[in-house]
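**Q** below are the sequence and a predicted model; questions follow.
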Amino acid sequence: MNKILRINMGHKGSPKAREEYIGEYAGLGGRAMTSAIIAKEVPPLCHPLGEDNKLVFAPGLLSGSYAAMSGRISVGFKSPLTGGIKESNSGGQPSQMIGRLEYAAIILEGKPNDDTIYKIIINKDGVDIVPDNSLKMLGNYDLVAKIKKECSDKIACISIGPAGEMKMAAASVAFTDMEMRPTRHAGRGGAGAVMGSKGVKVIIVDDSGTKTRVPADPEKFKQANQVFVQGLKKHPVTGEGLPAYGTNILTNIVNEAGAYPTRNFTFGKFETCSRISGETQAEIETARGGLTTHGCHKGCVIQCSGIYNDKNGNFLTKQPEYETVWAHGGNCEIDDPDAIAMMDRMDDDFGLDTIEMGAAIGVAMEAGLAKFGDADAAISLLKEVGSGTPLGRILGNGAAITGKVFGVERVPVVKGQSMPAYDPRAVQGQGVTYATSPMGADHTAGYAVATNLLGVGGSVNALKPEGQIELSRNLQIATAAIDSTGMCLFIAFAILDQPETFQAFLDLIGGFTGQNLTADDVTSLGKSILNNERDFNARAGFTSKDDRLPEYFKKNKFPPHNVKFEVTDEELDQVFNW
C-alpha cells in the first residue's frame, strides 16, 4: 500500500478527491498511521466537529493479504467525546478491501458549506463523490439495504446512522460484515459525529478486479502463517472459549471474580448474571437457528462472533458482545437477553457506541429517570436518542454529559469517556489503563484483565497495586503495535502465552515486509505510537491531572472485596516513564 486518498469535503465548488504518494508515512499501518496523521496534521486545539479536524481510515500493515486475523481497521480523529486524540478500532470487510485497493489511508478533510450529505464510491478506477439527500437520517440497516440494491452484495459499506448525522459524541461508524450487515463498529470516541460533520453518510468500497497483496518473502510468510494459526487454535481462549461462547464467555468469569460493575459501578456481582452469560446466549442462539461461532471478516480464525435470532427465528443482531451485554445488562441490572439484543440492534442501527450508551443509561437510572432493572424503560431511553429529542441528545453525548446535566456524582469516566465492563478497584491493572491511556477509559488500550484475572502472560494480583504500573505499561505498548498490523487484539492471548506463536507473529510481519523483526522492534513501534498520541494530548491541554480515575474509586469500597483503587497518583505518572 503506497498511496493515500485525501477527500476534501470543503473544497470550493464541490468535494474533491486526490491520490498522493504515501511519503513520510511509509511503513505505517492501522493505529500507527492514524495517530501519526492526526498528530501531525490536526491542530490540537481545533473544534472536533470543525473543518480542521480529520477522519482517517487506515487498514493494518497486513490487511489485504492472506495473513490470518488481519482484517481490523483503525479510525483516527480528534474526539468530540474526550477532546484528545482517538483511535477507534473495528472488524468487518472494509479493511481487507481497502488494502487490496492499495490505500494505506483514506482521509476525510474539510467541511461542506451546506447540509448536503454525500456517498463516496471507491473502486479500482477511482473515486466518485455523489450528493444524495435521500439517505438523510436513515438507520444503518435501511441505508445498507438501499446501497445493496443500487450496487451489489460484493461491496462493503462504512456508514453512520442518525446519531452521527446529529453529531452526538457517542456516535459510531459502522462497517459491514461478511453478510453485508452493519454490525461491526468503530464505537468509541465519537467517530460517527466527526464523519457526520464532514457531510459523509456512507463510503462504498468495491475491490472488484483487485488482487490479494503479495508478501516480500512468500515462503517465510506462508510458514509463519501456518504456525501462527496453529497457535491460535491450540490456545484455550482463542481455540476453545471464544469460538464456543464469544466474548460474553467473560460474564460468569468476571462476575465470579467480583469485578463485574453492577448498578452503575456500585457492586462487583450481579446475582442473575447467568441469565445473560455467554453460555446462556449460546443456548438461545442454537435453539433459534442462529450461530454461536462466526467471523466478522474473511480470514478470521478465532470466530468469536455469532448470529442472534429473535423468538421467531428471524435475524435480530449479531451476537451481543461482552461489553454490550454488560453495559445494557448488568450495569443497568437488566437480565433479559432479548432486551439486550434489541438494544444492541438499535445501537447498531442508530450508530451508537454500546458501551457509552449503556453507561449513560446507567447514570440516567441513578438520576431517577428510570428504575434499575427496567428493560422497557432502557429501550425507551434509547429510542429518545435515535429520535434526537432533547433528552436523547443529552444521553447521546455520553455518560459524562448525562451526569453533569442530572447532577450525578458516580459517573464512571476518564477524559470524558465511559469505563467498560471491569471495575478498576477489583482489577487494578485495568484501572491503571483506564486512567493513563491517551484514549480515555478503554479496556482494549491495555487489557490487564488478561493477566489480573485470566492468568495470561503471567499473574498479577488484581486486588493489589503492586506490579500494575509495569503490567499496564507493557500492555499499552504491545497493544499499540498490534493495532497497527490489522490483527485482532485477541491474538494477544496466544502470543503472550506461547513463545513460538509470538515468533510466528514476528515472522509473519517480517515475511510480508521483507524485514527481520525482533521483539524490540515491536516495543519501539508501540512506544512511538504512544509518544505521538501523548504529544497531541499535551498540545491539546491535557496534563497528568487528566490521567486519573474519578475520586470515588479511591474513596468508596467496592463489594464483595471491599477494596479501593490503591495505585497512587505518583505511580500513575510513571506509566510512560521510559
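**A** Structure's in. What do you need? Residues are numbered from 1 along each chain as shown.
**Q** tell me the centre residue of this structure?
**A** Taking CA atoms, centre = their mean, the centroid of the chain lies closest to residue 89, which sits 4.1 Å from it.
**Q** mind telling me what element residue 475 is part of?
**A** Secondary structure from DSSP states H and E places residue 475 in helix 468-482.
**Q** re the thing from before, the residue nearest to the centre of the chain touches residue 76, doesn't it?
**A** No: the pair residue 89 and residue 76 fails to qualify as a contact (CB atoms under 8 Å) at a distance of 10.1 Å. For glycine as for every other residue, the C-beta is placed from the backbone atoms N, C-alpha and C.
**Q** need the residues touching each of these two.
**A** residue 31 (CB atoms under 8 Å, 6 or more residues apart in numbering).
**Q** ok so residue 382 is a helix residue?
**A** Yes: according to DSSP: H, G, I helix; E, B strand; the rest coil, residue 382 belongs to a helix.
**Q** how close does it sit to residue 404?
**A** Going from residue 382 to residue 404 by CB to CB, to the nearest Å gives 20 Å.
**Q** for whichever helix or strand residue 508 is part of, which outside residues touch it?
**A** In the assignment (DSSP H and E), residue 508 maps to helix 499-513. Outside of helix 499-513, the residues within contact range by CB under 8 Å, 6+ apart are 27, 61-62, 65, 67, 213, 215-225, 227-228, 230-232, 235, 485, 487, 491, 494-496, 515-519, 521-522.
**Q** after that helix, next one along is what?
**A** helix 519-539.
**Q** and the next element down the chain from that next one?
**A** helix 552-555.
**Q** buried set for that next one?
**A** Neighbour-count burial for helix 552-555, counted by 16 or more other CB atoms under 10 Å, picks out 552-554.
**Q** what sits up against that helix?
**A** With contact meaning CB under 8 Å, 6+ apart, helix 552-555 is reached by 409-410, 424-425, 431, 564-565.
**Q** only alpha carbons, please: show that helix as CSV.
**A** Coordinates of each C-alpha in helix 552-555 appear next as CSV, following Å, rounded to 0.1, in the frame of the first residue of the first chain:
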residue,chain,number,x,y,z
TYR,A,552,-15.0,7.9,44.4
PHE,A,553,-12.9,5.0,43.1
LYS,A,554,-10.3,5.9,45.7
LYS,A,555,-12.7,6.7,48.5
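**Q** may I see the buried residues of the following helix or strand past it?
**A** Per DSSP H and E, the first helix or strand lying C-terminal to helix 552-555 is helix 569-572. Going by neighbour count (16+ other CB under 10 Å), the buried part of helix 569-572 is residue 572.
**Q** where does pLDDT dip in the stretch 201-350 of the chain?
**A** Judged against pLDDT under 70, the stretch 201-350 of the chain has no low-scoring part.
**Q** show me where it has its strands.
**A** 291-294, 305-309, 315-318 (DSSP state E, counting those that start in this stretch).
**Q** out of the buried residues of helix 552-555, who's nearest residue 126?
**A** Nearest to residue 126 among those: residue 553, at 51.7 Å, using CB to CB.
**Q** which parts of the chain belong to which domain?
**A** Split into domains by automatic domain parsing, the chain comes to 3-205, 215-245+424-578, 266-282+301-414.
**Q** end to end, how far does the shortest one reach?
**A** Start and end residues of domain 266-282+301-414 are separated by 17 Å (CA to CA, to the nearest Å).
**Q** numbering from 10 from now on, please.
**A** Yep, numbering from 10; the last one is domain 275-291+310-423 now.
**Q** just confirm residue 97 is within a helix.
**A** No: under three-state DSSP, residue 97 sits outside any helix and is assigned strand.
**Q** how much space separates it from residue 365?
**A** 11 Å.
**Q** name the residues contacting each of those two.
**A** Listed as contacting both residue 97 and residue 365 by CB under 8 Å, 6+ apart are 196-197.
**Q** the two - which one has more neighbours?
**A** residue 365 (33 against 26; other CB atoms under 10 Å).
**Q** identify the residues contacting that one.
**A** 90, 179, 196-197, 407-408, 426-427.
**Q** among those residues, which are in strands?
**A** Of these, the ones assigned to strands by DSSP state E are 426-427.
**Q** could you find the closest non-adjacent residue to residue 462?
**A** residue 266 (5.3 Å; CB to CB, 6 or more residues apart in numbering).
**Q** same check on residue 140?
**A** Using CB to CB, 6+ apart, the closest residue to residue 140 is residue 125 (4.9 Å).
**Q** quick one, what contacts that neighbour?
**A** 140, 142, 208.
**Q** rewinding a little: make CSV out of the domains of the chain and add distance to residue 299.
**A** Formatted as CSV, those follow (distance: least, CB to CB, whole Å):
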stretch, distance to residue 299
domain 12-214, 12
domain 224-254+433-587, 13
domain 275-291+310-423, 4
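**Q** of all those, which one comes closest to residue 300?
**A** domain 275-291+310-423 (4.1 Å).
**Q** where do the helices sit along the stretch 210-359 of the chain?
**A** Secondary structure of the stretch 210-359 of the chain, counting by DSSP state H, counting those that start in this stretch: helices at 227-243, 245, 251-254, 259-265, 287-296, 331-337, 346-359.
**Q** pick the most deeply packed of the ones you listed.
**A** Looking across those with neighbours counted as mean count of other CB atoms under 10 Å, the highest average goes to helix 331-337: a mean of 28.
**Q** what sits up against that helix?
**A** 255-260, 269-270, 285, 287, 290, 329, 343, 346, 348-349, 352-353, 356, 363-364, 366-368, 370-371, 387, 429-430, 452.
**Q** on that earlier part again, quick one: the helix holding residue 484 to helix 508-522, angle?
**A** Helix 477-491 and helix 508-522 are oriented at 40 degrees to each other (axes from the mean of the first three to the mean of the last three CA atoms, to 10 degrees).
**Q** what sits up against the next helix or strand after helix 477-491?
**A** With elements assigned by DSSP H and E, the helix or strand that comes after helix 477-491 is helix 500-506. By CB under 8 Å, 6+ apart, the residues outside helix 500-506 that reach it are 78, 240-241, 244, 246-247, 456, 459, 463, 465-466, 487-488, 491, 510-511, 514.
**Q** what's the closest of the contacts of residue 125 to residue 17?
**A** Closest to residue 17, out of all of the contacts of residue 125 and judged by CB to CB, is residue 208, at 11.4 Å.
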